[in-house]
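Novice: Can you look at this prediction? I've put the sequence above it.
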Amino acid sequence: MATTTVPSPRKKVNRIGLGPSDYKGGRSTLCAGCGHNSISERIIEACFEMGIEPYRVAKLSGIGCSSKSPAYFLGSSHGFNSVHGRMPAIATGTILANRNLIALGVSGDGDTASIGIGQFVHLMRRNLPMIYIIEDNGCYGLTKGQFSATADLGSKLKTGVINDLPPIDTCALAIMLGATYVGRSFSGDKRQLLALLKGALGHRGTVMLDVISPCVTFNDHEGSTKSYSYVQDHDAPLGEVSFVPFFEDITVDYDPGTTTEIRLHDGSHLLLKKLDVDYDPTNKMDALRLLTESHDKGEILTGLLYLDAERPNFIDMLNIVDVPLATLPESMVRPPRQALDEIMEELK
Amino acid sequence: MGTMDVSIGETKAPPREERVVNDLSIQIATVNGSGSQSANTVLLRSIFQMGIPVSGKSLFPSNIAGLPTWFTIRASRHGYIARRKEIDFLVAMNPETAAEDVMSLEAGASIVYDEKLNLGRLRDDVIYYPVPFDTLVVPICPNAKLRKLVRSMIYDGVLAKLLGIPMEEIRTALEKQFKNKPSAVDLNFKAAQIGYEYTEKNLPQRSRFYLDRIDLTRGKIIIDGNSAAALGAVFAGMTVCTWYPITPSSSLAEALTRYVKRFRIDAKSSKATFAIVQAEDELAAIGMAIGAGWAGARSMTATSGPGISLMSEFAGLGYYTEVPVVIFDIQRVGPSTGLPTRTAQGDILKNAFLSHGDTKHLMLIPSSVEECFTMAIEAFDLAEEFQTPVFVMSDLDLGMNNWMSDPFPYPDKPLNRGKVLTSKDLERLGGFERYRDVDGDGIGYRTLPGTRHPKAAYFARGSGHNEKAAYSERPEDYVNNMDRLNRKFETARQRVPAPVFQEADSSEIGVVAYGTTHWAIVESIDQLKEEYDLWISYCRVRAFPFSQQVFDFIRRHQRIYVVEQNRDAQMFRLLRMEVSTEDVRKLRSIRHYKGIPIDARTVTDEIVAQESPK
């Protein structure tokens, strides 16, 4: 049958020829308006814009609303929704087995700061190359709204119960323990979160991003410090974060007087436009001091809080072969007969 | 701490004949941290070098220094290597336990003891050999710090003279013990020699026991089960081991670390073809191993009872998401912290069904150091073939004691990596469904993360899922999946190591045992035959699920004694769940749960008692 070829409108594709839909996942089953869905969208955008090959990504999670979300992005990446609070262990094993994977872990505040705090702190110590995102709403959504360990002192549940315990600041913990890329953001701040995520994809160490993500069903009311309105009113950005991938020249937004430029492992650049403070994200003490100060003021400090592009990561420290351990051929993993003979001789 | 807390006293055995050659047991009672370990190993090796089958068992406290430790050496021309409860020679070096140790001996036993303990008046039906250890050690070891360690070697010399161990054997054993440390060899040998000479001059041999060179250990090796299992892992192509220290399994991971550093560094890049990570706890240890198994590594962890309890949630995840992983369980005495340095077979029931919901697991049960090696290799193959956790059920007795063995066979089969689809396969197939039973054996096909194909990915989850690995709460999806997992388990029944039989002609009586209980059984079968004319058939179970041959064995016999080392008759109960209703009544239970390895006499006495008409 003869047809006339009509040129289709040019599809938007990235540098590896994939379109945004190639990074989509299943339909979200989370509540409409949930902050987690916005985070999923930013992950999709970041991976698309960075030209990440989906097959190289391993999506990892524990249990909770947050941990369901890996099913809603990067549908052609492997995923492992494991057990509550134990995603760090799964991520560690995954990367040990295949060092070429990009491990993208999504956790929640309960999954991280309550049941998972043990694995969380040890993950931070190891500086395993992975991205660890906390979708932080200060409550347990899936079991109907109980407080988590990141709920602020004095914040109120829908039922009127007031939290009388101080919160765990996951960013401060991560910085103290050895994570090398630590940031805080807000699920509603598209621009900042996207820049932080793109930077994260260029980093080779533990990235820890605490993203305040209001729970529209149980924790988005007056009295909650993790509601949309509270965060919007109390967000204190450290500076404006822009990101230039390694495959682009730095031309945009470049104003040397007010911008700090940081080069990441893969050659990408993070541009930090200073606002009111003269902030150096490589200074651990400054980061911790600022976090404490803004916490005391009731502010949520957002942006890239800390970066150490020098510290060796866990895989480098283990001196593992370049080829993934998972795919080593038998000849490289089973020593020859004479090796066994040698040992047997020694044991006689 | 009172000595009663750690007593090992037991019931008496029948009297023995006159002159006894190459059949004796020596118990050395010391304080841990006193350097006796080298002296004991050297003694064991010397006897081994004389060609006499020998076994050594250490009974030690959960403590670093200062508590009583016993080391038992058994030499047996019959090749029996189970613990023997009768002690022929006691070396009493520990003031805390000496009196009790002496009182628990049979009449006619010999006692080598530190003179200053003044044991000679405790009873008059034993033979005393007092030795002035402190006086003897001073001239040969001017360094006071070393003296404490060297002192123990003196009793090796004393025993060498009394039993007839040539001193050159002691020297050879010392050279093996202190490789590359000639000064240590010399010093220790001097100590042994002092003991030998002192005995020659002052202590005439008055006991009935002698050792004489024979030729029954040629070509054999001596190794502990944990090192053997570690070697197995090395030759199984293990690539990731994540673990957390716990007695008695730590030495497995540590031996593994030594072996891989030696044999698994890629020559070209000088980089490791493995990753060994000491995790923050057992939850993380098994979690990392499961993450690695999911991503395609041959991964493992090693632990013991308390660790197993912590791992139970992850074990269920491994079962339900179908991830290969090998778990070495070096069983110790529970419940709770229990007796961390004592042996038991107490995790059989728990591991069979470890985790909540309908979960069940493959278990391999080694009896010997050789099986620690071969089953380690089989475990990795089975884990990948069946895409499931596999437990290797060793125990403290096997794992931490030295055992004589034939050299281990080099694996004769290539690695079995199971049903893994590559991007080429996907190209050909156009896609796949992770949990579909394509071949009817219950085992689906999997892909590894990082497989370069748009259809390669699937989402592993501990929540309900359908054949496509998509979230599902539909009843038919759930049932379909659970039934397939059952089918997989049934397939495994005939793939796991088959039982081993030792059958008597037309016997009505059968024994079922497993793991280290084996060594008491083979000896007990001989005792029953020789002393009571009772002929027994024996089925050594080597795996769970039980293969059909186990059920056939039970069907063929009238009475089945299930012998094991736990209080609650765990294997007995597991068998009762699985055998046919008419066979259930045949099962009888014999249990030994004292924390010390089971001995043949206990089994013999129990069977005789139960077989005798009431």
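Specialist: Happy to help now that I have it.

Novice: Can you classify residue A:294 by secondary structure?
Specialist: When classified by DSSP: H, G, I helix; E, B strand; the rest coil, residue A:294 comes out as helix.

Novice: Report the contact partners of it.
Specialist: With contact taken as C-beta atoms under 8 Å, 6 or more residues apart in numbering or on different chains, residue A:294 is in contact with A:236, A:300, A:301. Glycine gets a C-beta too; all of them are placed from N, C-alpha and C.

Novice: The second one and chain B: what is the separation?
Specialist: What it means is residue A:300. Taking C-beta to the nearest C-beta, to the nearest Å as the measure, residue A:300 falls 30 Å from chain B.

Novice: among the contacts of residue A:294, which are in strands?
Specialist: Cross-referencing these against strands under DSSP state E gives A:236, A:300, A:301.

Novice: Name the member of those with the most neighbours.
Specialist: Most neighbours among the ones in strands among the contacts of residue A:294, by other C-beta atoms under 10 Å in any protein chain shown: residue A:300, with 23 neighbours.

Novice: ok, and does the biggest helix by length in chain A reach over to chain B?
Specialist: When chain A is parsed with DSSP state H, its longest helix is helix A:35-50. No - Helix A:35-50 does not reach chain B (C-beta under 8 Å from any C-beta of the partner chain); its nearest approach is 13.7 Å.

Novice: mean confidence for whatever helix or strand comes next after that helix?
Specialist: For helix A:35-50, the following helix or strand on the C-terminal side (DSSP states H and E) is strand A:57-61. The average pLDDT within strand A:57-61 is 98.

Novice: Out of the ones in strands among the contacts of residue A:294, flag the one nearest to residue A:85.
Specialist: Nearest to residue A:85 among these: residue A:300, at 24.1 Å, using C-beta to C-beta.

Novice: Bridged to that closest one, which residues?
Specialist: Under the criterion DSSP bridges, residue A:300 forms beta bridges with residue A:235.

Novice: Where do the strands of the stretch 201-348 of chain A begin and end?
Specialist: A:206-212, A:235-237, A:239-244, A:259-263, A:269-274, A:300-307 (DSSP state E, counting those that start in this stretch).

Novice: meant to ask about the stretch 1-150 of chain A, not that
Specialist: Under DSSP E, counting those that start in this stretch, the stretch 1-150 of chain A gives strands at A:57-61, A:78-81, A:102-108, A:130-136, A:139-140, A:146-147.

Novice: Tell me which of those approaches residue B:559 most closely.
Specialist: The nearest among those, by C-beta to C-beta, is strand A:78-81 at 49.7 Å.

Novice: tell me how far the closest one is from the chain's mean position?
Specialist: 15 Å (C-alpha atoms, centre = their mean, to the nearest Å).

Novice: Same question for stretch B:471-484.
Specialist: 39 Å.

Novice: Now that stretch: buried residues?
Specialist: Using 16 or more other C-beta atoms under 10 Å in any protein chain shown as the burial criterion, the residues of stretch B:471-484 that qualify are B:471, B:472, B:477, B:480, B:481, B:484.

Novice: Could you check which helix or strand contains the fourth one?
Specialist: Same thing as residue B:480. Judged by DSSP H and E, residue B:480 forms part of helix B:475-493.

Novice: residues touching residue B:209, list them.
Specialist: Applying C-beta under 8 Å, 6+ apart, the residues contacting residue B:209 are B:20, B:24, B:88, B:89, B:110, B:163.

Novice: Now, those residues that are in helices?
Specialist: Among the contacts of residue B:209, the members falling in helices (DSSP H) are residue B:163.

Novice: What does residue B:420 show for phi and psi?
Specialist: Main-chain torsions, residue B:420, degrees, to the nearest 10: phi -120, psi 130.

Novice: That one and residue B:449 touch, don't they?
Specialist: No - with contact defined as C-beta atoms under 8 Å, residue B:420 and residue B:449 do not form a contacting pair (11.7 Å).

Novice: Those two: who's more crowded?
Specialist: Remark: of residue B:420 and residue B:449, residue B:449 carries more neighbours, 31 against 16, as counted by other C-beta under 10 Å.

Novice: those helices in the stretch 201-350 of chain B, which residues are they?
Specialist: In the stretch 201-350 of chain B, the segments counted as helices under DSSP state H, counting those that start in this stretch are B:225-235, B:250-263, B:282-294, B:305-321, B:348-352.

Novice: Pull the contacting residues for residue A:124.
Specialist: A:173, A:174, A:177, A:178, A:179, A:206, A:208.

Novice: Just give me the closest of these to residue A:92.
Specialist: Looking across those and measuring by C-beta to C-beta, the closest to residue A:92 is residue A:206, at 10.6 Å.

Novice: Could you pull up the residues touching that closest one?
Specialist: By C-beta under 8 Å, 6+ apart, the neighbours of residue A:206 are A:123-124, A:126-130, A:132, A:174, A:178-181, A:313.

Novice: Dump the ones in strands among the contacts of residue A:294 into JSON lines; add pLDDT as well.
Specialist: Conversion of these to JSON lines gives the following (pLDDT from 0 to 100):
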{"residue": "A:236", "pLDDT": "86"}
{"residue": "A:300", "pLDDT": "90"}
{"residue": "A:301", "pLDDT": "91"}
